[in-house]
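Engineer: I would like to see how this sequence folds:
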Amino acid sequence: MSRARQPPLVTGISPNEGISWTKVTIRGENLGTGPTDLIGLTICGHNCLLTAEWMSASKIVCRVGQAKNDKGDIIVTTKSGGKGTSTVSFKLLKPEKIGILDQSAVWVDEMNYYDMRTDRNKGIPPLSLRPANPLGIEIDKGRFPQKDLEALFPGMSADFTSENFSAAWYLIENHSTTSFDQLKTAVVNLKKQANKKNEGSLAYVKGGLSTFFEAQDALSAIHQKLEADGTEKVEGSMTQKLENVLNRASNTADTLFQEVLGRKDKADSTRNALNVLQRFKFLFNLPLNIERNIQKGDYDVVINDYEKAKSLFGKTEVQVFKKYYAEVETRIEALRELLLDKLLETPSTLHDQKRYIRYLSDLHAPGDPAWQCIGAQHQWILQLMHNCKESYVKEQKGNSLLHSPMLDLDSDVRPSPIGHLSQTASLKRGSSFQSGRDDAWRYKAPQQVIFVEKLTKLVVSQLPNFWKLWISYVNGSLFSETAEKSGQMERSKKNARQRQNDFKKMIQEVMHSLVKLIRGALLPFTLKEGESRQYGGWEMKSELSGQWLTHVIQTVRLSSESLTALEIPNDMLQIIQDLILDLRVRCIIVTLQHTAEDIKRLAEKEDWVVDNEGLTSLPSQFEQCIIHSLQSLKTVLDCKPGEASVFQQQRTQEDVCQLSIGIMQVFIDCLEQLSTKPDGDIDTAHLSVDVSSPDLFGSIHEDSSRSSEQRLLIALSNCRYLERHTFLNIAEHFEKHGFQGVEKITQASMESLKELDQRLFEMYIEFKADPIVGSLEPGIYAGYFDWKDCLVPAGVRNYLKEALVNIIAVHAEVFTISKDLVPRVMSRVVEAVSEELSRLMQCVSSFSKNGALQARLEICALRDTVAIYLTPESNSSFKQALEALPQLSSGTDKKLLEELLNKFKSSMHLQLTCFQASSSAMMKT
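Structural biologist: So this is what the prediction gives:
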């Protein structure tokens, strides 16, 4: 019994002080067994569990919250240990106030300074604030704790902008170590600052007072003179005289300096023209610069220069500017066409497409270049898919012309289990050249399989960029900030919303083309009449094997997963799921059909070598062949996410059920063919063995040494094993792999097997019992024997002994092949013999005394000998035979009968051993 865990103990915290949201590391003992064990964590009374990160039983990392207490313990609570204790504490510091003129790592809004005195926002101009150091001497922060100062000066503050400012607190906090002389200097500084504030505006007024008075007198005199003279231009007025004097002075000056002024005007004009050229050389050089930058690929420079020119000269009325700006527009239009061509050019990367779309949007290209690019990309993907199909179809037809029928070994590329066994045998016999060539041709991938891999790879590689281009088009990330400001992004988003259905149709068209191209290559019978030419065209010499179809299914599944990862809606991908379902169903049907063919060829593998139970290897090969086929279908039968069961359709269930029953029936027919084949009809052409093999003639001899009766017995033994084991095992494998209608398959197979077993059994009984039965009547009447006139019985006659010897021979033959068949065969033989003997006895008109005794002796001898194989039918026959005889009248006859029976059993003791109960018991064990 484990002892209870100790409560948590906090022995350290780092750092041990800080402001709110400080990240701390807590160390201690028994801090929990895991993240789920930690149920509580408080620091200074604040719950910090939400930010806690459990690292180990001795370490926790968290952030300190806004606690009410300035200093407190660290308490950890766990499920296993309960509430803990702490030997250390944490001190919560208040954040420092940052003045507007103080250096700080954070932004301080100078125009919205928070005034602590009024607890409301109040705009304070920065220049009107007091300096951060009002005393003008060096600040030396003291070591006095903030909490102690607050306790010493309750309700006061060290902030000199506060209404509750305490000078003593300020000096203790900032100048606790300052000398008295420095404090005296600080007083002088404070006085100077106060004087400057009082004398500021008044000093400026005193210094310019005389100038103000002189200007005022001059302006007053001019005003009075103009009022006295009048404001109208009358002859002789002061104003008129002044104007005339000024005009004469101007004309005289013009006359004196006309030539000089002319040269000056010309120089000014030239200078102005040069200034214009210099000032507007950007516009004049812009067409040539655009051409050069386009050739270099500097489209960003061209766009920036065009935007600048458009903003400056887009609406100018100056003809020269209009002319050059028109040239710029011509070059820009050519650039738009060039960029559009590059945008619609395929193939191209998603990065280049986005870049060209952004350029065209910045150049205000007409239409919707992004949508044009999406449409071109869609058509290009479709064209790629059809070109891929045409190239592989053409290559397939070209290869078929090069191969003659004698060398066309690719007609069946299905590596069956039997073929694999034959190939292994060939390798063991040393035919390395032949097997190497067979590998190279037999296992070559068909063109349809390579095509599907190439097609799916093409779609998976191209569709993601196509889908991402659409997503960028929808969310507006294709456009630059310039386009966003001009409202082009909003127009694009609006267009994208309107074109969602069009793009959905594009995706659906790509998916439909992908699916129909694959159907045309693998499932052409599922296409409509008009689609075969567009999506088909393959030469179907033989259908693909189940293994190749499994490979194709895996390829299509991977493609579906890749497309699903793009977050394409499931309704657009449903058609691919339908294709996968059809391929899975077809793969199952083809595999079962090929399995039936493989099982049909099992007859060629029968060597008639039996084991201790009388079985050949044929039932085991049959079972292994089916198990191998079902295992090859495991990945096909398993449902991936989003896939439906292959047996969801009733028709598929019925087809698979019938094929499964057909496989069983094929093997049953194979058994019947082998067991009823005439001795001379043994086909050894299939034996692919080397003539130098020492087992060649031994194998053929062993095969041909089996008589038809022995083959019947071996077939009966195989049927018995199939009924009791093989068919049941196969049914379990069918259920394990999800097959439907397993009971129906088993029932139909069992019925057919029992019918075959009965036919073979009757055939064997006919072979063995008829000669014995036929020899009874001639043997009884040999030597003109007459039941009415015969001597006193001296023993059992030879005909009965010969019949028993023949029965013993049958027993020996059956026992050699299969001990389990002995009771069944011997019972039927005894029934046939007893029935014939009863008939013969009933046909006798009358018996003499000796004849009746002789007949009773032979009937009893036969009955007692085969007693362990008697059945109700044979017992009835013996009873009827005895009832046809006269009853023994004297005790002497009964005694004689008993003595003769004992004599018979004694003389044929060795021969009759097989009919003894101990032998039968030994046989059954």
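
Engineer: so which helix or strand takes in the residue positioned nearest the centre of the chain?
Structural biologist: Centroid-nearest residue in the chain: E561, 4.6 Å away (criterion: C-alpha atoms, centre = their mean). E561 is located in helix 546-564, with elements delineated by DSSP states H and E.

Engineer: contacts for that helix next, please.
Structural biologist: Contact partners of helix 546-564, identified using C-beta atoms under 8 Å, 6 or more residues apart in numbering, comprise 413-415, 445-446, 448-449, 452-453, 456, 459-460, 463-464, 518, 522, 544, 570, 573, 576-577, 579-580, 583-584, 586-588, 590-591, 594, 629, 632-633, 635-636, 640, 642. For every residue, glycine as well, the C-beta is placed using N, CA and C.

Engineer: average pLDDT for the lengthiest helix in the chain?
Structural biologist: The longest helix of the chain (DSSP state H) is helix 238-279. Average pLDDT, helix 238-279: 77.

Engineer: report all helices and strands that that helix contacts.
Structural biologist: helix 209-229 (3 or more C-beta pairs under 8 Å, 6 or more residues apart in numbering; DSSP states H and E).

Engineer: quickly list the domain ranges of the chain.
Structural biologist: Domain assignment of the chain by the TED database yields the ranges 9-92, 139-179, 259-264+267-344, 447-631, 782-915.

Engineer: related to what we said a few turns ago, next SSE downstream of the longest helix of the chain?
Structural biologist: Next helix or strand after helix 238-279 toward the C-terminus (DSSP H and E): helix 281-296.

Engineer: now tell me what touches that following helix from outside.
Structural biologist: Contact with helix 281-296 is made by 277, 299, 301-302, 305-306, 308-309, 312-313, 321, 324-325, 327-328, 331-332, 335, 338, as judged by C-beta under 8 Å, 6+ apart.

Engineer: okay, buried residues for whatever helix or strand comes next after it please.
Structural biologist: Following helix 281-296 in sequence order, the next helix or strand is helix 299-313 (DSSP H and E). Judged by neighbour count (16 or more other C-beta atoms under 10 Å), helix 299-313 contains these buried residues: Y299, V302, I303, D305, Y306, A309, F313.

Engineer: now do stretch 895-909
Structural biologist: L896, L897, L900, L901, F904, M908.

Engineer: starting at the chain centroid, how far to stretch 294-303?
Structural biologist: Relative to its chain's centre, stretch 294-303 lies at 44 Å (C-alpha atoms, centre = their mean, to the nearest Å).

Engineer: just give me the least confident of the buried residues of stretch 895-909.
Structural biologist: Of all the buried residues of stretch 895-909, M908 carries the smallest pLDDT score, 79.

Engineer: list the contacts of that one.
Structural biologist: K801, L804.

Engineer: from L791, how far out is it?
Structural biologist: 22 Å (C-beta to C-beta, to the nearest Å).

Engineer: and for D148, the neighbour number?
Structural biologist: Other residues lying near D148 total 10 when counted by other C-beta atoms under 10 Å.

Engineer: gap between it and P154?
Structural biologist: On the measure of C-beta to C-beta, D148 and P154 end up 12 Å apart.

Engineer: try H737
Structural biologist: According to C-beta to C-beta, H737 stands 87 Å off from P154.

Engineer: between the two, which is the more surrounded one?
Structural biologist: The neighbour count for H737 versus P154, taken as other C-beta under 10 Å, is higher for H737 (18 against 6).

Engineer: ok, the more buried one touching K634?
Structural biologist: Yes. Between H737 and K634 there is a contact under C-beta atoms under 8 Å: 6.9 Å.

Engineer: what mean pLDDT does stretch 554-564 have?
Structural biologist: 87.

Engineer: use 6 as the first number from now on
Structural biologist: Done: numbering now begins at 6, and the last item shifts to stretch 559-569.

Engineer: any idea which element I79 lies in?
Structural biologist: Under the criterion of DSSP H and E, I79 resides in strand 76-83.

Engineer: coming back round to it: among the buried residues of helix 304-318, which one lies nearest to Q763?
Structural biologist: Set against Q763, the nearest of the buried residues of helix 304-318 by C-beta to C-beta is Y304 (90.4 Å).

Engineer: now the closest one, nearest residue through space, not along the chain?
Structural biologist: Y364 (5.1 Å; C-beta to C-beta, 6 or more residues apart in numbering).

Engineer: and the residue nearest to the centre of the chain, how close does it get to W59?
Structural biologist: Counting by C-beta to C-beta, the gap from E566 to W59 is 37 Å.

Engineer: and what of Y789?
Structural biologist: 114 Å.

Engineer: so between the two, which is more surrounded?
Structural biologist: W59 (20 against 6).
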